[in-house]
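Peer 1: can you look at this prediction? I've put the sequence above it.
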Amino acid sequence: MKKIPDLNFWKLWNISFGFFGVQIAYALQSANISRIFSTLGADPHSLSYFWILPPLAGIIVQLIIGALSDKTWCRFGRRIPYLFVGALIAVLVMCLLPNAGSFGMGVSAAMIFGLISLMFLDTSINIAMQPFKMMVGDMVNEKQKGLAYSIQSFLCNAGSLAGYLFPFIFAAIGISNIAPKGVIPDSVIYSFYIGAAILILCVIYTTVKVKEYPPQLYAEYHGITKEAEQEKTNVFKLLVKAPKAFWTVGLVQFFCWAAFMFMWTYTNGTIAANVFNTPAIELVKDGVTHMVLDTQSLQYQTAGDWVGILFAVQAIGSVIWAATMPSIKNRKFAYALSLVLGGIGFISILFIHNQYMLFVSFLLIGCAWAAMLAMPFTILTNALTGGHMGTYLGLFNGTICVPQIVAAVAGGWILKLFTTEGQIAPEVNMLVLAGVLLIIGALCVSIIKEHKESAEG
């Protein structure tokens, strides 16, 4: 099998550069969806259900994109056409979603519009995101994959940093951070507009700069024979043949992504109640009166901006830790240590009521995020050979989406279970649970068996 040549730093950089724009879109979604639906009038105890659609769309779309792109070739490449189409759809939806409350619709209609927009946004982000992971698997040799995914992790976190900070920056320069009931503040709307513009520019850059290997050269680099190309297979056969790393890393992924789903869903309420002393109002549901946070209050919207700052701090912590991890020779130890640090960060939120002290918690959470972005794909792609890289990565995306779906479905029930009598904002209990899940994931790292060359490289 012909070996893939080493690529210089800037070629590795160009392969992943578009990920910067895609991650801005993803950061705006993850940091603002709970805020958007709360502002539209959603019950805070039901927020987790609004997060079911994104991973459900992802588990279907990424598998389809992986399988189709394995068999695609045109003048623009095999993966690039999909990321470009995904980016175009994402740009359109990013201009519509934050306006869910601005079209004169009632609460129910605005919710439905927001949900449909959210589904299309996450679907398009998944279409655009998956090809970047595949191109590293396609075009980078085993020796350089660790570096390539570290660059991707850096760009991912830099994009997250920008996306998280946009609402705070716009509010700081005087753009309105509050709006009439059921309407999203302009600071959030403009953030989505700017994010959409950056996304399409970044994807255009990657499209122009990256030239994927033509089919014959790709086959030589990946040991694909004519017999293998003609072999008929399906996802079930591929799962049976999947390397052990697929399943062991997938188990770790389950605990990690469930934990972060809880973070995205419940951080806003936690910070609003524990740090910004958001006032409570009465909410009547099914004839029963509940005390919930006033999502129209200035304190709640200010807390929403601060959550963006905390997520930005997490991204900074992730960038720093991503640069540190390669110096730890034992990859599995680095993976487990990262998750433990993240778990400590989540649990510490329970005890902190100062907005600036929370920086420490989210720096630690960033350590786990850095490992989650780089380690699983490095370990898995080094264990894969043949022409089904895209399909396997699409299947592996199930280890990201399934735990998010489980966490979203179970989140509301678990939240009620953890709610004590008279407790207005029990969301902090879910962040403690997230910390416990990360520590369990760290324990599961011990069962991962790495590909021999990967472990040595």
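Peer 2: Received the coordinates, thanks.
Peer 1: all contacts plus neighbour counts: C-alpha atoms, from now on.
Peer 2: Noted.
Peer 1: surely V107 touches L40?
Peer 2: Yes. V107 is in contact with L40 according to C-alpha atoms under 8 Å; the separation is 6.5 Å.
Peer 1: more crowded one of these two?
Peer 2: L40 (23 against 17; other C-alpha atoms under 10 Å).
Peer 1: now do the contacts for that one.
Peer 2: Contacts were defined as C-alpha atoms under 8 Å, 6 or more residues apart in numbering; by that measure L40 touches G101, V107, A110, M111, K181, G182, V183, I184.
Peer 1: buried subset of those as a ChimeraX selection?
Peer 2: Burial among the contacts of L40 is assessed by 16 or more other C-alpha atoms under 10 Å; the matching ChimeraX selection reads:
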select :101,107,110,111,182,183,184
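Peer 1: closest one of the contacts of L40 to C444?
Peer 2: M111 (38.9 Å; C-alpha to C-alpha).
Peer 1: ok so that closest one is a strand residue?
Peer 2: No. Read with DSSP: H, G, I helix; E, B strand; the rest coil, M111 is helix and lies in no strand.
Peer 1: what about the stretch 1-150 of the chain, any weak spots by pLDDT?
Peer 2: 1, 42-48, 50-51, 101-104 (pLDDT under 70).
Peer 1: and the strands in it?
Peer 2: Using DSSP state E, counting those that start in this stretch, no strands are found in the stretch 1-150 of the chain.
Peer 1: so where do the helices sit in it?
Peer 2: Ranges of helices within the stretch 1-150 of the chain are 9-40, 53-70, 80-96, 107-139, 142-172, based on DSSP state H, counting those that start in this stretch.
Peer 1: need those helices in JSON lines with distance to I349, can you?
Peer 2: Converted to JSON lines, the helices of the stretch 1-150 of the chain look like this (distance: least, C-alpha to C-alpha, whole Å):
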{"stretch": "helix 9-40", "distance to I349": "17"}
{"stretch": "helix 53-70", "distance to I349": "26"}
{"stretch": "helix 80-96", "distance to I349": "31"}
{"stretch": "helix 107-139", "distance to I349": "28"}
{"stretch": "helix 142-172", "distance to I349": "19"}
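Peer 1: with K3 as the reference, name the closest of these.
Peer 2: The nearest among those, by C-alpha to C-alpha, is helix 142-172 at 9.6 Å.
Peer 1: now the angle between helix 107-139 and the closest one, please.
Peer 2: 150 degrees (axes from the mean of the first three to the mean of the last three C-alpha atoms, to 10 degrees).
Peer 1: for helix 142-172, what is the distance to the chain centroid?
Peer 2: The chain centre lies 11 Å from the centre of helix 142-172; the measure is C-alpha atoms, centre = their mean, to the nearest Å.
Peer 1: try stretch 69-87
Peer 2: The answer for stretch 69-87 is 22 Å, by C-alpha atoms, centre = their mean.
Peer 1: with that, I have no additional questions.
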